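>>> Predicted model follows, preceded by the sequence.
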Amino acid sequence: MLTLLQAIETRRSVRTFTQQTPDAGLLAECGAGAGRLHLYTPAPGSRLGTYGVISGAPAYVAVLCEPGSVQDSFEAGREGERFVLQCVRRGLGTVWLGGTFDRRAVASSLPEGDSRAVAAVIAVGYPAGRRRLVERIMQGAARSASRLPVEQLIVAGRPDAVISRGIAAARLAPSALNAQPWRFAVNLDRSVDLYGGGRDKFLALDCGIAAEHFLIAAPSYTLAPPRHPAPRLEALASLNPKQS
């Protein structure tokens with residue numbers, strides 16, 4: 001089985017599936033149904049509202065967060081990406097969906113009394129062998145094959161080898177329209193401030209995904225609340241070396 005770091009390096013967004021439904025136990029093993037991850041299986045013949053972008057996905061995981069909470073959205077991104085990487089390790093394909101699905105339909109499937117918002121959904125299943133034309137077009141439109149160099153993701157300081165590995169892994173994280181909104185400032189004490197740039201509604205979610213990649217590649221670091229504000233950037237977290 002792949003390691004989590006290998007899963008980061010090999011993950012790609014999958015939009016065409018075989019329609020074979022993964023075993024519920026396998027999805028639970030990956031994290032579905034726990035914490036912020038709600039397993040949603042559409043009724044046979046129904047459409048989630050993906051308008052042809054997704055084909056044959058047998059199951060979805062709704063990523064939930066407290067309405068209006070930036071930090072909870074950040075944590076939801078971490079949790080959802082952890083699920084994605086566990087799926088990759090087990091041969092499953094996934095894709096994050098932020099705007100091309102019916103939120104009302106997914107929200108109506110939540111247990112009574114659950115007032116959390118649906119931040120995004122993750123389509124999951126077994127990848128089809130051949131990508132459809134619409135999938136190739138979507139990949140090109142999102143520029144998913146092009147990513148900013150590591151140097152452009154660092155707004156201050158000089159990273160050492162460990163921090164560089166973490167940022168390189170964060171660079172491979174998925175984000176809405178491949179905007180890559182995460183930025184890093186390296187401090188003299190080897191702590192790292194994680195910022196979000198822009199005002200996209202998926203900003204905190206996307207930066208949570210990137211933070212999860214960083215922490216997997218740099219396991220000697222731990223997550224803490226943000227410490228240092230920055231002009232035109234939203235302070236989202238601090239990444240600190242663990243005390244030996």
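Happy to help now that I have it.

>>> Neighbours of residue 203, how many?
24 (other C-beta atoms under 10 Å). Where you see a C-beta, it was placed from the backbone N, CA and C, and this is true even at glycine.

>>> ok, it touching residue 181?
Yes - using C-beta atoms under 8 Å, residue 203 makes contact with residue 181 at a distance of 5.4 Å.

>>> which residues are common contacts for these two?
196-197 (C-beta atoms under 8 Å, 6 or more residues apart in numbering).

>>> Surely residue 213 touches residue 167?
No - checked against C-beta under 8 Å, the pair residue 213 and residue 167 is beyond contact range at 9.2 Å.

>>> Where do the strands of the protein begin and end?
37-40, 59-65, 93-97, 117-125, 154-156, 182-186, 192-197, 221-224, 233-241 (DSSP state E).

>>> Give me the contact list for the first one.
Taking contacts as C-beta under 8 Å, 6+ apart, the residues outside strand 37-40 that touch it are 24, 27-28, 31-33, 59-64, 79-80, 83, 106, 109-110, 121.

>>> model confidence over it, on average?
The average pLDDT for strand 37-40 rounds to 94.

>>> what mean pLDDT does the longest helix seen in the chain have?
Scanning the chain for the helix with the most residues, using DSSP state H, yields helix 70-89. Averaged over helix 70-89, pLDDT sits at 98.

>>> buried sites along it?
70, 72-89 (16 or more other C-beta atoms under 10 Å).

>>> so how many other residues sit close to residue 191?
When neighbours are counted by other C-beta under 10 Å, residue 191 comes out with 18.

>>> what do you get for residue 169?
With other C-beta under 10 Å as criterion, residue 169 counts 21.

>>> these two touch, right, it and residue 5?
Yes - under the criterion of C-beta under 8 Å, residue 169 makes contact with residue 5 at 7.0 Å.

>>> What's the end-to-end length of stretch 177-184?
End-to-end span of stretch 177-184 (C-alpha to C-alpha, to the nearest Å): 20 Å.

>>> List the neighbours of that stretch that are in contact with it.
By C-beta under 8 Å, 6+ apart, stretch 177-184 touches 142-144, 146-148, 153-155, 159, 163, 167, 170-171, 173, 175, 192-198, 200, 203, 206-207, 210-211, 233.

>>> how far does that stretch sit from the chain's center?
Distance of stretch 177-184 from its chain centroid, counting by C-alpha atoms, centre = their mean, to the nearest Å, is 12 Å.

>>> do stretch 114-130 as well
On C-alpha atoms, centre = their mean, the centre of stretch 114-130 falls 11 Å from the chain's centre.

>>> Stretch 112-125 now?
Offset of stretch 112-125 from its chain centre (C-alpha atoms, centre = their mean): 14 Å.

>>> Alright, I will stop here.
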